[in-house]
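> prediction below, plus the sequence it came from.
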Amino acid sequence: MSNMLAIARKELRSYFTSPIGVVMIGFFALIYGFFYAVMLQAFERQAMQFGQSQAPVDLNGDMIRPLFSNVLVVLLFTLPLITMRTYAEEKRSGTMELLLTSPLTDLQIVFGKFLGAMGLIAAMLAITLPHIGILFWYADPEWKPIVTTYLGFFLMAGCFVSIGLFISSVTRNQIIAGMATFAVFLLLWVIDWMGSFMGSTGMAVFNYLSITQHFEDFARGVLDTKHVVYYASVIVFGVFLTMRSVETERWRG
């Protein structure tokens with residue numbers, strides 16, 4: 001465990017010693033702040049209109065859920081930039097051989113890098129907490145849907161990271177790793193739309209494979225084990241493939 005955490009700390013530190021960590025957090029904060037301001041103004045106008053008719057307003061459903069649905073799109077563009085360097089940079093700089101000859105198992109290397117990337121994502125999500133705290137200060141949103149939304153967001157990010165780590169582990173070129181990762185992410189994003197052109201069976205299968213379809217219940221405050229199992233399965237599968245790729249690299253070395 002200590003070796004794994006050491007790899008995670010090294011990986012997380014590398015994000016902030018290079019521009020990528022600061023740029024990613026700054027970009028995320030800028031986009032999230034823009035979405036937050038726009039959604040808050042739209043909700044305020046809607047609340048004023050409903051106030052005249054005495055109709056109830058739903059802060060969670062009318063603002064917070066659409067906010068995080070839009071922020072999810074940011075993952076589609078930022079996570080390939082985070083994961084593309086994890087192994088490709090090690091191979092390019094020649095430090096991959098040093099990593100493979102160190103007294104570390106493949107699981108410790110892969111999961112350590114996974115935890116390092118997830119640490120950067122946790123830092124990005126931490127930026128959103130003061131904004132949500134403002135809503136609790138001035139209003140009374142339901143806290144359970146917010147907790148499940150953060151959980152779903154984190155699990156989806158974990159799926160993307162595990163897939164991105166595998167793609168980065170099979171190439172030396174960061175640009176190729178980034179483009180291939182984005183292509184796979186986009187496929188998982190729109191696969192339910194592709195399923196709409198098939199029969200009922202194909203649609204059901206493609207909807208289940210869609211990474212965004214499983215997030216919707218989290219955003220509604222519903223914690224369904226089938227969605228947790230789906231995300232956990234994708235994470236484990238991505239980590240497994242990355243371990244096999246690292247093992248192959250070790251044997252080649």
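Sure thing, it's come through. Numbers count the residues shown, from 1 in each chain.

> neighbours of the nearest residue to residue 91 once chain neighbours are set aside, how many?
Leaving aside its chain neighbours, residue 91 sits nearest to residue 172 (4.3 Å; criterion: CB to CB, 6 or more residues apart in numbering). Backbone N, C-alpha and C define where each C-beta goes, glycine included. Residue 172 has 15 neighbouring residues, counting by other CB atoms under 10 Å.

> and residue 108, by the same measure?
Residues lying near residue 108 (other CB under 10 Å) number 19.

> tell me the contacts of it?
3-4, 7 (CB atoms under 8 Å, 6 or more residues apart in numbering).

> neighbour-wise, which one of the residues you listed leads?
That'd be residue 7 among these, by other CB under 10 Å, with 22 neighbours.

> quick one: residues contacting that residue.
Residue 7 neighbours (CB under 8 Å, 6+ apart): 104, 108-109, 111-113, 115-116.

> let's verify the residue nearest to residue 91: helix, strand, or coil?
When classified by DSSP: H, G, I helix; E, B strand; the rest coil, residue 172 comes out as coil.

> where along the chain do the helices fall?
2-17, 19-53, 59, 65-83, 88-93, 96-101, 106-126, 129-138, 143-169, 174-195, 200-209, 215-220, 225-252 (DSSP state H).

> and among those helices, the most buried is which?
helix 143-169 (a mean of 22; mean count of other CB atoms under 10 Å).

> outside of stretch 71-78, which residues touch it?
Outside stretch 71-78, the residues that reach it (CB under 8 Å, 6+ apart) are 24, 27-28, 31-32, 35, 128, 153, 156-157, 160, 182, 185-186, 189, 212, 215.

> what of stretch 220-235?
Against stretch 220-235 from outside (CB under 8 Å, 6+ apart): 60, 65, 142, 144-145, 148-149, 151-152, 155-156, 158-159, 162-163, 208, 211, 214-215, 217-218.

> just stretch 123-142 next, same as before
Taking CB under 8 Å, 6+ apart as the rule, stretch 123-142 contacts 24-25, 28-29, 32-33, 36, 59-60, 63-64, 71, 143, 146, 150, 153-154, 221.

> verify the stated contact: residue 4 with residue 113.
No. Residue 4 is beyond contact range of residue 113, at 9.6 Å (criterion: CB atoms under 8 Å).
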